[in-house]
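1. Give the three-dimensional model of this entry:
(one chain, ligands or ions: 1)
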Amino acid sequence: MALNFIFSPQNEFMPIKDLLNQRSSNQCELCSGTDGLDVMVVTPKSGTSTDHCINSCKVCRIQINDSEEIKVNHWRCLNESMWSEVPAVQVVAWRMLNRIKAEGWPADLLDMLFLEEETLNWAKSGHTDNQSDIIHKDANGVTLIQGDSVVLIKDLKVKGAGFTAKRGTAVRNISLVHDNPDHIEGKVNGQKIVILTQYVKK
Ligand SMILES: [Zn+2]
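-> You can find the predicted model right below:
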């Protein structure tokens with residue numbers, strides 16, 4: 001990342017990273033973790049000011065950047081951090097709660113989270129993850145989330161792969177196909193395949 005220097009009254013040209021560490025008392029502004037702290041620019045802002053950035057730990061960054069890595073319970077930290085006075089933190093909290101709101105409790109937190117209009121527009125403008133609008137349900141109507149383990153309830157011929165995935169096969173760490181509520185992805189026999197949600201159960 002390019003070095004961004006901004007003027008601060010106490011320290012001329014103090015790097016953004018140092019200013020963020022000051023603002024956050026050297027803690028992740030989402031989960032208070034201290035491992036691998038770094039600047040995270042909250043898109044679509046440019047990161048030329050600390051107002052556009054948060055101090056984030058490695059655990060949070062990995063999960064924010066990769067839906068497959070999301071551990072829903074980690075984000076219970078937002079219970080506290082969503083009340084931050086820093087708009088950039090509110091924006092990240094809002095986006096993450098939306099991504100995992102199928103879990104239930106994040107939706108309850110979202111109901112309580114009030115963002116100023118400008119902040120809300122910022123949150124929405126960078127939120128391209130529409131999976132929140134599409135809910136994946138298994139054969140019993142139970143909501144599936146990223147990372148779930150499911151079991152096949154039917155023998156499934158895997159087109160093009162030349163094998164049949166047997167009924168009772170466990171598929172771990174599924175991914176949701178964002179634009180199709182009937183499709184999930186998971187590995188069977190070491191191959192990533194698309195599976196219809198009606199043939200699995202959690
Ligand atoms: Zn964190």
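
2. My understanding was that V142 contacts K201; is that so?
-> Yes: between V142 and K201 a contact is recorded at 7.4 Å, counting by Cβ atoms under 8 Å. Where C-beta positions appear, they are placed from N, C-alpha and C, glycine not excepted.

3. What parts of the protein come near the ion?
-> For the chain, the residues in contact with the ion (Cβ under 5 Å from the ion) are 28, 30-31, 33, 57, 60.

4. Out of those residues, grab the one that's most surrounded.
-> When neighbours are counted as other Cβ atoms under 10 Å, the busiest of those turns out to be L30, with 29 neighbours.

5. show me what contacts that one?
-> Taking Cβ atoms under 8 Å, 6 or more residues apart in numbering as the contact definition, L30 lies against 54, 56-57, 60, 77-78, 81, 89, 92-93, 96.

6. Spatially, which two of these are the most separated?
-> In terms of Cβ to Cβ, the contacts of L30 reach their longest pairwise distance at C57 and A93, which sit 14.6 Å apart.

7. all strands for the protein, in order.
-> Secondary structure of the chain, counting by DSSP state E: strands at 5-6, 14-15, 38-41, 53-56, 136-137, 143-144, 150-152, 156-158, 163-165, 170-171, 175-176, 183-188, 191-196, 200-201.

8. And the protein, what are its domain boundaries?
-> 8-130, 136-201 (automatic domain parsing).

9. Give me whichever of those is most buried.
-> Mean neighbour count (mean count of other Cβ atoms under 10 Å) peaks for domain 8-130 among the domains of the chain, with a mean of 17.

10. next one: that domain to chain centre, how far?
-> Centroid separation between domain 8-130 and its chain, computed with Cα atoms, centre = their mean, to the nearest Å, is 11 Å.

11. Same list (the strands of the chain) but as TSV, adding mean pLDDT.
-> Listed next are these as TSV, based on pLDDT from 0 to 100:
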stretch	mean pLDDT
strand 5-6	47
strand 14-15	80
strand 38-41	92
strand 53-56	96
strand 136-137	88
strand 143-144	88
strand 150-152	95
strand 156-158	85
strand 163-165	87
strand 170-171	94
strand 175-176	86
strand 183-188	90
strand 191-196	88
strand 200-201	95
